[in-house]
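Q: okay, sequence plus prediction incoming.
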Amino acid sequence: MMSKIIVRGGQRLSGRVRIHGAKNAVLPIIAASILGTEGESVIHDAPPLDDVIVINKVLESLGVKIEYKDETIRVNARNITTCEAAYELVRKMRASFLVMGPLLARMGQARISLPGGCAIGTRPIDQHLKGFEAMGAEIELGQGFIEARVSGRLKGAKVYLDVASVGATENIMMAATLAEGTTTIENAAKEPEIVDLANYLNAMGAKIRGAGTGLIRIDGVERLRGAVHTVIPDRIEAGTYMIAAAITGSDLYIEGAIGDHLRPVISKMQEMGVHITEDENGLRVYTDRPLRSVDVKTLPYPGFPTDMQSQMMALLLTADGTSIVTETVFENRFMHVEQFVNMNAQIKVDGRAAVISGGTKLRGAKVCATDLRAGAALVLAALAAEGETEITGIHHIERGYVDIAAKLRMVGADVQMVTAEAEEPEEQPISIFAVSPSLA
Ligand SMILES: CC(=O)N[C@H]1[C@@H](OP(=O)(O)OP(=O)(O)OC[C@H]2O[C@@H](n3ccc(=O)[nH]c3=O)[C@H](O)[C@@H]2O)O[C@H](CO)[C@@H](O)[C@@H]1O
Ligand SMILES: C=C(OP(=O)(O)O)C(=O)O
């Protein structure tokens, strides 16, 4: 039997949903803890997610000591015993590549084992490598691995990113903390998770200014030590529950959500006619009328997040009129469309745009989560659908949502998780390992 989530749609929701710490902030922060040669790091609000367990294992495989209890991770990185991240772990999660910058900066070398064969797809790492090379590293791309080496310390450099990549900004920023001299990252990504990482690195003793703007300046220091840090709340988890409220015509308080991190999502939902009020502890989301269609285009922060695109599309399916959703960040992030269509949605995809004819009655169906946010979007659509929806492929959802079924049940949804024994998650597509975008 396969694990699945079963949703019976049509329930009104009410109450509070507590938001966990941000997956996309905690992953680079755990990777960054490799840089601490003295003391211990204590990372609070680390969400209990599969991805967090994987990155912890990657660090443990390098010799780092990790204790993870009650959403707090203690990291002791005094002894690093190998500079190689093994394929068995890296294959489970693309974000494992974030250990490259810290390892290279601290140890002068890093080797990430990768699947052999040709690299295809849309998540290249050329910008990460360009940054490391600018800082004096030599990169070798072998059969089944990428290796970076530098003799002595990395050197501060001026790095211009061709695309404002979140991962490249993080990897280069981490590497630059221990470089000799000053590094600037131009066209840096501005996501809140980058600010959170910079705050943690600065608490470790780094000198980073400008995180959250397009120009980050890092003055290298000789060593970093462990630090205490609390991870920011997950804006994508918060956005997902905001849509759960709107799609069911309900009233929910999203506890811990930071409005400032959610501006584009709040604005678009308000344009649709959803009511959203903010206070210092979170957001209240409620609706009392039919929703209007809107057009949405994903962009790097502070634009509309690609990680909310599929959930927003679920909401647009229930609005009156036609909406156009344009995905500009990733080339192939419309896998949920086919699944929505199985639920009686009317959507046409034309290249990077999806045209949604809202207002058709969604019907429960057997559908499959093809990736993390696509899976979350199916749960949302199912909450609004007539009858029962069965969602398989839920290991994708569990990468990024803590107890999604239980959290929704607590506010009145009819959602059950049926767990099968020992299901080995499939590999992530090897596409992140496309070294240059032209291979994509
Ligand atoms: C763990 C984590 O934080 N994941 C997030 C991170 O992924 P990730 O850091 O992988 O995403 P990037 O910001 O790097 O990717 C954005 C775009 O840049 C391109 N690119 C990226 C790197 C590179 O070297 N060359 C290149 O061309 C990618 O193909 C993509 O089109 O940001 C994405 C964009 O907000 C989110 O969807 C992911 O949830
Ligand atoms: C795409 C995502 O994550 P990752 O970059 O880890 O695949 C996401 O969080 O939506």
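A: Arrived safely. Ligands and ions are numbered 1, 2, ... in the order given.

Q: enumerate the residues of the stretch 301-440 of the chain near ligand 1.
A: Within the stretch 301-440 of the chain, the positions adjacent to ligand 1 are 306, 307, 329, 330, 437 by CB under 6 Å from any ligand atom. Quick note: C-beta positions are derived from backbone N, CA and C, even for glycine.

Q: next, format the residues you listed as CSV and append distance to residue 346, pLDDT and secondary structure.
A: Converted to CSV, those look like this (distance: CB to CB, whole Å; pLDDT from 0 to 100; DSSP: H, G, I helix; E, B strand; the rest coil):
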residue, distance to residue 346, pLDDT, secondary structure
306, 23, 97, helix
307, 24, 97, helix
329, 25, 93, coil
330, 23, 89, coil
437, 33, 48, helix
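
Q: by neighbour count, which of the residues you listed wins?
A: Within these, neighbour counts (other CB atoms under 10 Å) peak at residue 307, which reaches 24 neighbours.

Q: surely that one is in contact with residue 236?
A: Yes. At 4.6 Å, residue 307 counts as touching residue 236 under the criterion of CB atoms under 8 Å.

Q: contacting residues for whichever residue of the stretch 151-300 of the chain sits closest to ligand 1?
A: Among all residues of the stretch 151-300 of the chain, residue 167 sits closest to ligand 1, at 2.8 Å; criterion: CB to the nearest ligand atom. The contact partners of residue 167, taken as CB atoms under 8 Å, 6 or more residues apart in numbering, are 95, 97, 98, 125, 128.

Q: can you give me the buried ones in stretch 180-189?
A: Residues of stretch 180-189 classed as buried: 183, 184, 185, 187, 188, 189 (neighbour count, 16 or more other CB atoms under 10 Å).

Q: what's it in contact with?
A: With CB under 8 Å, 6+ apart as the criterion, stretch 180-189 contacts 131, 135, 153-166, 168-169, 172-173, 176, 194, 210-211, 213-220, 300-301.

Q: return the alpha-carbon coordinates of it using CSV.
A: Extracted C-alpha coordinates of stretch 180-189, given in CSV (Å, rounded to 0.1, in the frame of the first residue of the first chain):
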residue,chain,number,x,y,z
GLU,A,180,40.8,36.9,2.7
GLY,A,181,39.5,40.4,1.9
THR,A,182,36.1,41.7,0.8
THR,A,183,33.6,40.0,-1.4
THR,A,184,30.6,41.7,-3.0
ILE,A,185,27.7,39.9,-4.5
GLU,A,186,25.8,42.0,-7.1
ASN,A,187,22.3,41.1,-8.3
ALA,A,188,22.1,39.0,-5.1
ALA,A,189,18.8,37.4,-4.2
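
Q: so that stretch, near ligand 2 or not?
A: No. Stretch 180-189 stays clear of ligand 2 (CB under 6 Å from any ligand atom), getting no nearer than 12.6 Å.

Q: quick one: mean pLDDT over that stretch.
A: For stretch 180-189, mean pLDDT is 98.

Q: run the chain-centre distance for it.
A: Relative to the chain's own centre, stretch 180-189 is displaced by 23 Å; criterion: CA atoms, centre = their mean, to the nearest Å.

Q: before we move on, what about stretch 205-216?
A: For stretch 205-216 - counting by CA atoms, centre = their mean - the centre lies 21 Å from the chain centre.

Q: among the contacts of residue 167, who's most crowded?
A: Highest count within the contacts of residue 167 by other CB under 10 Å belongs to residue 128, 27 neighbours.

Q: in its sheet, what does the helix or strand where residue 68 lies sit against?
A: Secondary structure assigned from DSSP states H and E places residue 68 in strand 65-69. Strands adjacent to strand 65-69 in the sheet, as given by DSSP bridges, are strand 72-76 (antiparallel).

Q: buried set for the partner strand?
A: Buried, per 16+ other CB under 10 Å, within strand 72-76: 73, 75, 76.

Q: of these, closest to residue 407?
A: Of all these, residue 73 has the smallest distance to residue 407: 21.7 Å, by CB to CB.

Q: and the residue lying closest to residue 19 once chain neighbours are set aside, its phi and psi?
A: Once flanking residues are discounted, residue 19 sits nearest to residue 256: 3.9 Å by CB to CB, 6 or more residues apart in numbering. With angles defined as degrees, to the nearest 10, residue 256 sits at phi 100, psi -10.

Q: what score does residue 256 have for pLDDT?
A: So, for residue 256, pLDDT stands at 98.

Q: these two touch, right, it and residue 21?
A: No. Between residue 256 and residue 21 there is no contact under CB under 8 Å: 9.0 Å.

Q: which neighbours do these two share?
A: residue 233.

Q: can you give me the buried ones in stretch 352-370?
A: 352, 354, 356, 358, 359, 362, 364, 365, 367, 368, 369, 370.

Q: for those, which one is nearest ligand 1?
A: residue 352 (11.2 Å).

Q: can you classify residue 198 as helix, strand or coil?
A: helix (DSSP: H, G, I helix; E, B strand; the rest coil).

Q: hmm, I was thinking of residue 47
A: coil.

Q: isn't it up against residue 24?
A: No. Contact between residue 47 and residue 24 fails when scored by CB under 8 Å: they sit 10.5 Å apart.

Q: neighbour count: these two, which is higher?
A: The residue with more neighbours, out of residue 47 and residue 24, is residue 24; 25 against 22, by other CB under 10 Å.

Q: which helix or strand contains that one?
A: helix 23-32.

Q: for that helix, packing partners?
A: strand 41-44, helix 50-61, helix 100-107, helix 166-176, helix 192-203, helix 235-247 (3 or more CB pairs under 8 Å, 6 or more residues apart in numbering; DSSP states H and E).

Q: just the CA trace of the last one, in PDB.
A: Taking C-alpha atoms only, helix 235-247 is exported to PDB below (Å, rounded to 0.1, in the frame of the first residue of the first chain):
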ATOM      1  CA  ARG A 235       6.400  32.200   4.800                       C
ATOM      2  CA  ILE A 236       5.400  29.500   2.300                       C
ATOM      3  CA  GLU A 237       3.800  27.300   5.000                       C
ATOM      4  CA  ALA A 238       2.000  30.400   6.200                       C
ATOM      5  CA  GLY A 239       0.900  31.300   2.600                       C
ATOM      6  CA  THR A 240      -0.400  27.800   2.100                       C
ATOM      7  CA  TYR A 241      -2.700  28.000   5.200                       C
ATOM      8  CA  MET A 242      -3.800  31.500   4.200                       C
ATOM      9  CA  ILE A 243      -5.100  29.800   1.000                       C
ATOM     10  CA  ALA A 244      -6.700  27.000   3.000                       C
ATOM     11  CA  ALA A 245      -8.800  29.700   4.700                       C
ATOM     12  CA  ALA A 246      -9.700  31.500   1.500                       C
ATOM     13  CA  ILE A 247     -10.400  28.400  -0.600                       C
END
